[in-house]
Structures are given as structure tokens and as C-alpha cells.
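Student: 3D, please:
(2 chains)
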Amino acid sequence: MNRRSLVSITDYTKEDILRIISLTEKFDQNPNRRLLEGKVCATLFFEPSTRTRLSFETAINRLGGRVIGFTDAATTSSSKGETLKDTIMMVGNYTDIIIMRHHLEGAARYASEVSRVPIINAGDGANQHPTQTMLDIYSIHKTQKGLENLTITLVGDLKYGRTVHSLIIGMSHFNPTFHFVAPEELKLPDTYKTFCDEHGIEYHEHTDFSQEVINQSDILYMTRVQRERFTDLMEYEKVKNVYILKNDMLEDSKKNLRILHPLPRVNEIQQDVDANPKAYYFEQAKNGMFARQAIICDSLNINVD
Amino acid sequence: MKSGKNGKLLVAALCNGTVIDHIPSDQVFKVVSLLNLDRLDTPITIGNNLESKKMGTKGIIKIDNKYFEEDQINKIALVAPKVVLNIIKNYDVTEKKTVTLPQTIVGIVKCNNPKCITNNEPMSTHFELVDRENVVLSCRYCNLKIEKEDITLL
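Tutor: The predicted structure follows:
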């Protein structure tokens, strides 16, 4: 068992989250530091994810570390039937830290139990993607100058969106008010509503994506409503244009409002929003690199000045 | 305390061992399998569909010369939470025990998520009991919550 692994955002306490934020700030100011000199990091992508992999590998490269790994399990011995445990044991022999993405849920938790080096979960199926959550929380912190008492509106696919679920958990330490805006078929699962109730978190559910909700918000977190999520395609046709953000909807929004999106987007944020200073999703993605630098250094117990 | 009063029970009383009573009739063989009774070589009597005032019908298992460790016997709370264990020593019931579901359940319950790592690697499943009253388990790996009626044993 390796205590420095990051498998789920629930592994982090409030203090952990705040520590990672202050580390991320340092890398945001200067991402080029030779802190991983002489270290070898593995990026094991059993399932391809170019965006996440490039973010991690850039993070490591800017810290002077070396990267080994693969981008697709088809070229590795797991396609010959090697167990995940064996792959992790081998790679743990070679490297100082393992960053892994896997299509099976719980893969990273299991890897962290068998590995002698820290595991960073870069996504395990529909389950967890904690570095995404940390970059989301950092982006909120940076744009709102803090995390406490914010009104956060989450829009789109709240049923399957793991980034949404993890963000609810990660932000639960900071007394947020949530607005959940989703079509009936993609409503937030009850477990997360129960979680909010248990933690005394105020929330409101809406099926309408109205200006009234937007105008109260400090953060508007957009996600994609995917066609394949619907059992009833008629239902999809009805709602597909309801959860689209257009620039004119932002007219009376709060000055400090920022729009986040885990990316990639399709049409749920119209192109004309990009020029609005409240659009923050590209900077958000950039923050991901800083957050990953912070998480890697924290896992390896490296001191950052 | 000797059994066999009124000639109702057709099996001999235990001298030493354990009697597991008040097993729901449809769970008797799951209890057998959970306790690996098929691997014991001591005499075992299994009765099922016996009349019960409390339950309608019930099952009962008598195991000669066998006492169970608590963590071993507690597993059966998953399928038979209301069983009564009679510990027999020298024909006397020296102790009556009930079972309580352990907080963590390892290697017994199958995860119902086909995409869970536990269904794809040679490894033990691991569940936390998140709601004792309603018996809700949560998979340590994929976080799936499994309610009582959906529990499948491995």
C-alpha cells in the first residue's frame, strides 16, 4: 500500500486540497523547474487519451523528468493477457511514479495496493479522474480569489459526468451552493444529492437552463450532452439545444462569473462565447499542467520553493 | 438440553458442535457454501423446509465437533441475518449467539459492475458496509453501491 498515491478526490482532505492549490500557484508562476531531474515517470495509458497524456508528459518534461510508457494497451503485454498487477509490478521496478489511465473502474485503486511507487489516477473508466478535479478547483480558486461560499452551476450531463460528481465532492469542503441543470434523463444521481444533504450543502435542481440561474452564478460548469447517453432519441432531439450556452445569455451575469468546461466541447458552448472575457475553459486546461506538476511533486514528497 | 422431544426431530442430538438455526429455507445451501461445509469431514445434518412458528419454514444445520471463529461465521449474516447459533457442549446448549455483518466483506460478494477491475483481474472483491440497517455495500474499487436484494455471492 502506497500512501502517496492519488486515486480519487476523496483521498484528499480539505488541507490536502489547499496544499495542492498553493503548490499549483507556484508552478503557475514558474512551470520550468528542475525538480524531477534524474527521475523516471511512467505514463501507462491502457486506454488512449491524448489530451490528458500530453498534459501529464508536458508537466513532467518541464520539471526535467524523463517519461516512459505507452499510449495504447494494444501494443503491450496486457493484450497477451498479462494481469494489471504484473504490469504494475514490472513498471514499478523501473520508475519513480506511475501515472495510469485504464478503461476498467477501480484499476487505479488496485494498482495503488500492489505498487511500490505512487500511482496517479489519470482516469479509470467512468469512475474517477482526480487531477481533472484538482485543475477545476484550482481554476475556481484562481478566478474567484478563493473557494468559500461560491454559487456553482453545473450544466448538461450530470448523470454520467464523472467530472461533475468529483467536483461536487471536492468543493463540498468550501460551503458551496449548487445549481444542477440537466434534462430529466441525465439528472444528477441520488447518491450525490444525498451526499449534499449529509454535508449540509444547499442545492437546487432545474431542467430549464435559464438566465435567472446563470445570473446568480459565480461559476458555470458546462458539460456535453451526448446523444449516445439517451435511450429515447426523441428525448434527445427535444433537449439537445436546450443546454447550449450562447453569448447573449451572459449579458446580465455577475462580473466575476467564469465559464468552465472539462473539454472537449462540441456545440454546448457556442463559438461566440470564446471571445467573452468570462470564458475560461482554455486557461482551465492550461491550469491542468500546473496542477499535475503539483500533484506529482506532492506524491514524490519533493519540496517546492 | 436434549433434543428429539416428542419424536419430532428425526436426527440425533449433538454431543459437541454447532447448531445453526432459523436459516431462511431458500438460503440454507448458500450458508453451506459460505461456511465451506462441503469441505468438512465431520458429520453434518442439514434439515430444510422445517416448520417454524416465526418464519413459516426454516432450515437448520447441525455440525458435529465444530466451532466457528466469529469472523468466519459472521459472513452468513449476508444471507441469513437472523440465524441463531447454538453452541453445544456435552449435549448442553452452552451459548446462543447471533451474527452481525462485518464492516468489511472480502472475497465473498461479486461486484455487479462488469467494468469493475475485480471482475477482470484474479483478485478478491472488497466491500464496505455503508448502511447496516438496509444492508448496502460499496465496492472499494469501482464505488458501486449494492443493495441487499442485488447481492450476488461469488
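
Student: switch to C-alpha atoms for all contacts and neighbour counts from now on
Tutor: Fine.

Student: Next, the contact list for the closest residue to chain B within the stretch 51-200 of chain A, please.
Tutor: The stretch 51-200 of chain A approaches chain B most closely through residue A:106 (4.0 Å), counting by CA to the nearest CA. The neighbourhood of residue A:106, defined by CA atoms under 8 Å, 6 or more residues apart in numbering or on different chains, consists of A:124, A:127, B:116, B:117, B:118, B:140, B:141, B:142, B:143.

Student: Name the nearest residue to it, ignoring sequence neighbours.
Tutor: Once flanking residues are discounted, residue A:106 sits nearest to residue B:141: 4.0 Å by CA to CA, 6 or more residues apart in numbering or on different chains.

Student: Residue B:31 now?
Tutor: Among residues not flanking residue B:31 along the chain, residue B:76 sits closest, at 6.0 Å (CA to CA, 6+ apart).

Student: swap in residue B:48?
Tutor: Using CA to CA, 6+ apart, the closest residue to residue B:48 is residue B:59 (4.1 Å).

Student: which secondary structure elements does the helix or strand containing the one you found contact?
Tutor: For residue B:59, the host element (DSSP states H and E) is strand B:56-64. Where contact means 3 or more CA pairs under 8 Å, 6 or more residues apart in numbering or on different chains; DSSP states H and E, strand B:56-64 is packed against strand B:17-24, strand B:44-52.

Student: List the strands paired with it, with their directions.
Tutor: The strands beside strand B:56-64 in its sheet (DSSP bridges) come out as strand B:17-24 (antiparallel), strand B:44-52 (antiparallel).

Student: Which residues does that strand contact?
Tutor: B:14-25, B:28, B:42-52.

Student: how does it look with 6 Å?
Tutor: With contact meaning CA atoms under 6 Å, 6 or more residues apart in numbering or on different chains, strand B:56-64 is reached by B:17-25, B:28, B:42-52.

Student: if we can go back for a sec, okay, the helices and strands packed on strand B:56-64 in TSV with distance to residue A:98 next?
Tutor: TSV is the format used below for those (distance: least, CA to CA, whole Å):
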stretch	distance to residue A:98
strand B:17-24	48
strand B:44-52	51
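
Student: Which of the ones you listed sits closest to residue A:190?
Tutor: Judged by CA to CA, the one of these that comes nearest to residue A:190 is strand B:17-24, at 32.0 Å.

Student: Quick one: distance of that closest one to the chain centre.
Tutor: On the basis of CA atoms, centre = their mean, to the nearest Å, strand B:17-24 sits 9 Å off its chain's mean C-alpha point.

Student: what does stretch A:259-266 give?
Tutor: 11 Å.

Student: Against which helices or strands is the helix or strand containing residue A:24 packed?
Tutor: Assigned by DSSP H and E, residue A:24 belongs to helix A:14-29. Contacts defined by 3 or more CA pairs under 6 Å, 6 or more residues apart in numbering or on different chains; DSSP states H and E place helix A:14-29 against helix A:281-299.
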